[in-house]
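>>> All I have is the shape, not the residue letters:
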């Protein structure tokens, strides 16, 4: 374990107080949007990046609708569940729903295809497979759907859906040519006036991390590709922390990062994959960069207990990653306390 003197301990404590003073302020956990004939809504449990991913899925759903000549409403409803062991649940129906219409800046009600998903993370291919089945089998869905009671661990939900076994078989079927055509289209992370820095785009069911230099001859360079992005935290325009799961991440630097034991390398834009040990699925995390050190602080997620939320914002532990040294300290709070105890014993 990394040793620290008293002075270094104080520096880290100051850094932590500056970094995480507002770490657990409340944030919006509900968002609606629309893309042509497609409306999207997401309720979040953990990762705010799902907002952007759902926007990508909405754009893809609009493209698939056009390929299949479907112009009526499609409503994609996502609910993020924080439990890792939770089995994803998928539902297809046709019903009257309230959706946000950006053109009129109003909530409207209309009949349409409804795709509901309850999962820890969401996937573009899954979403499009469900939608394709719904469009191609619309009349059957209208006549065969029924109301079921679904338990999401906190309460019973009444949901309209077709037979979930049909949905399971649909997801296991190979992709159609139309679906593969849509999957090959590139969709960028939704950003306003993005010109320079680190971002990503989605294509063919993968995420491509790139850095964009507005003034360079070759403006865009892909620096890494991932099967999934769990969370994406950019700091300024030059640094980003990318989680591919809830317990692993990469550090990206627009100017290049150090490789352990080697001089600073401008061509090395992304770190090795860092693994977070002893992770619990019931915790929220916040990320900050302070002096090119990455701080990750975990808190307990509020739980519904006895008609009230409990344990909201209670800090669990803090990690710190040193990119230049390629060192990840798994529990900074514990390390600081151990060093103080040791120094006090030596006094």
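That came through, no problem. Keep in mind that this is a model prediction, so the values were computed, not measured. Numbering: from 1, shown residues only.
>>> so what's the residue nearest to residue 244 when sequence neighbours are not counted up against?
Once flanking residues are discounted, residue 244 sits nearest to residue 226: 4.9 Å by CB to CB, 6 or more residues apart in numbering. Every residue, glycine included, has its C-beta placed from N, CA and C. Residues in contact with residue 226 (CB atoms under 8 Å, 6 or more residues apart in numbering) are 206, 207, 209, 242, 244.
>>> What strands flank whichever strand or helix holds residue 233, and is each parallel or antiparallel?
Assigned by DSSP states H and E, residue 233 belongs to strand 231-235. Paired neighbours of strand 231-235 in the sheet (DSSP bridges): strand 239-245 (antiparallel).
>>> Contacts for the helix or strand following the partner strand, please.
Later in the chain than strand 239-245, the nearest helix or strand by DSSP H and E is strand 248-253. Where contact means CB under 8 Å, 6+ apart, the residues beyond strand 248-253 that reach it are 198, 209, 211, 223-224, 238-244, 257, 269-276, 294, 296, 321, 323.
>>> With stretch 150-167 instead?
Residues contacting stretch 150-167 (CB under 8 Å, 6+ apart): 79, 81, 83, 86, 89-93, 95, 114, 116, 118, 130, 133, 140-141, 144-149, 304.
>>> So which bits of it are buried?
159, 160, 161, 162, 167 (16 or more other CB atoms under 10 Å).
>>> and residue 188, what are its bridge partners?
What pairs with residue 188, by the bridge criterion (DSSP bridges), is residue 201.
>>> and it, what does it touch?
Per CB under 8 Å, 6+ apart, neighbours of residue 188: 194, 199, 200, 201, 202.
>>> so what's residue 109 closest to, chain neighbours aside?
residue 98 (5.1 Å).
>>> where does residue 81 land on pLDDT?
If you check residue 81, the pLDDT there is 77.
>>> Am I right that it is in contact with residue 122?
No: here residue 81 does not reach residue 122: they are 10.7 Å apart, not a contact under CB atoms under 8 Å.
>>> Let me know the angle separating the top helix by length along the chain from strand 231-235.
The residue-count maximum for a helix in the chain (DSSP state H) belongs to helix 50-67. Per axes from the mean of the first three to the mean of the last three CA atoms, to 10 degrees, the angle that helix 50-67 makes with strand 231-235 is 120 degrees.
>>> contacting residues around the following helix or strand past helix 50-67?
Next in sequence after helix 50-67, counting helices and strands by DSSP H and E, comes strand 73-80. Strand 73-80 is contacted by residues 37-47, 50, 54, 57-58, 61-62, 65, 97, 99, 110-122, 127, 131, 134, 152 when judged by CB under 8 Å, 6+ apart.
>>> Could you break the chain into its assigned domains?
With domains defined by automatic domain parsing, the chain comprises 6-26+190-346, 30-183.
>>> Span of the shortest one from start to end?
It stands for domain 30-183. Terminal residues of domain 30-183 lie 27 Å apart, using CA to CA, to the nearest Å.
>>> when you give positions from now on, start the count at 14
Right, with 14 as the first residue, what we last looked at is domain 43-196.
>>> quick one: residue 127 and residue 212, what's the gap?
31 Å (CB to CB, to the nearest Å).
>>> So these two - more neighbours on which side?
residue 127 (25 against 22; other CB atoms under 10 Å).
>>> Which elements pack onto the helix or strand containing that one?
Assessed by DSSP H and E, residue 127 sits inside strand 119-132. On a contact count with 3 or more CB pairs under 8 Å, 6 or more residues apart in numbering; DSSP states H and E, strand 119-132 meets strand 86-93, strand 102-114, helix 137-149, strand 169-174.
>>> Which two among the contacts of residue 201 are spaced furthest apart?
207 and 215 (14.8 Å; CB to CB).
>>> Compare those two and say which one has the larger neighbour count.
Higher neighbour count among residue 207 and residue 215: residue 215, with 22 against 13, using other CB under 10 Å.
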